[in-house]
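3D, please:
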Amino acid sequence: MSTPTPSGGTDLLLHANHNIGVAMATPSGLVVPNIKQVQRKSLAQVASELSLLQQLAAAGRLPAEALAGGTISVSNIGEGCTIGGTYATPLVSPPEVAIVALGRLQLLPRYPPAAAEAAVSWGADHRVVDGAALAAFSGSWRQLLETPERLLLGAV
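Next up, the predicted model:
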């Protein structure tokens, strides 16, 4: 599902595919290429396509179709990023319906053992995504991150 139609109308579009945009800093500025049809790909296929998009973006050779058709975006404002931030206020870029900004990983003193924590900030078009549903999804997403073997073994 996505927000207003390209013509600027108020109709909502229902998309058959999940095209995840990944924000990338390049020498020419920020670009957000999409990994198309993520729901049909394995984790290894997604990683391979992400690597290819990163190489194309760094070389300034992303095709226009790689930049169109996103339904949700992921932005890294933390580790490995020039911003090095913790929290953000991510804004949805129509026609997408949501965006997530991943903050810097922080080690917290815990006994036993020490724990790592990262801030995650969500933004969504509330005409399409109910805030309670987004909060529930965020909790499910957290569980997957905390038990990555579920993703690797296809137990999702």
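
what's stretch 40-50 in contact with?
Asn17, Val22, Ile35, Val38, Leu151, Leu152, Gly154 (Cβ atoms under 8 Å, 6 or more residues apart in numbering). All C-beta atoms are positioned from the backbone trio N, CA, C, and that covers glycine.

What about the residues you listed, which are in strands?
Counting by DSSP state E, these place Val22, Ile35 in strands.

secondary structure element for Ala118?
If you go by DSSP states H and E, Ala118 is part of strand 115-124.

and that strand, which strands flank it?
strand 98-108 (antiparallel) (DSSP bridges).

buried sites along the partner strand?
By neighbour count on 16 or more other Cβ atoms under 10 Å, the buried set for strand 98-108 is Ala98, Ile99, Val100, Ala101, Leu102, Gly103, Arg104.

Farthest pair within those?
Within the buried residues of strand 98-108, Ala98 and Arg104 form the most distant pair, 21.2 Å apart (Cβ to Cβ).

Tabulate the contacts of stretch 40-50 in CSV, adding columns for pLDDT and distance to Ser75.
Shown next, in CSV, are the contacts of stretch 40-50 (pLDDT from 0 to 100; distance: Cβ to Cβ, whole Å):
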residue, pLDDT, distance to Ser75
Asn17, 91, 21
Val22, 95, 8
Ile35, 97, 14
Val38, 95, 16
Leu151, 72, 20
Leu152, 73, 24
Gly154, 61, 27
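
Just flag the most distant two among the contacts of stretch 40-50.
Asn17 and Leu152 (23.1 Å).

The worst-scoring helix or strand of the chain on mean pLDDT packs against which elements?
When each helix and strand of the chain is scored by mean pLDDT, DSSP states H and E, helix 149-152 comes last, with a mean of 77. When contacts are defined as 3 or more Cβ pairs under 8 Å, 6 or more residues apart in numbering; DSSP states H and E, helix 149-152 packs onto helix 131-146.

I'd say Val38 and His15 touch.
No: Val38 is beyond contact range of His15, at 11.7 Å (criterion: Cβ atoms under 8 Å).

the more surrounded of these two?
More neighbours surround Val38 than the other of Val38 and His15, with 16 against 13 (other Cβ atoms under 10 Å).
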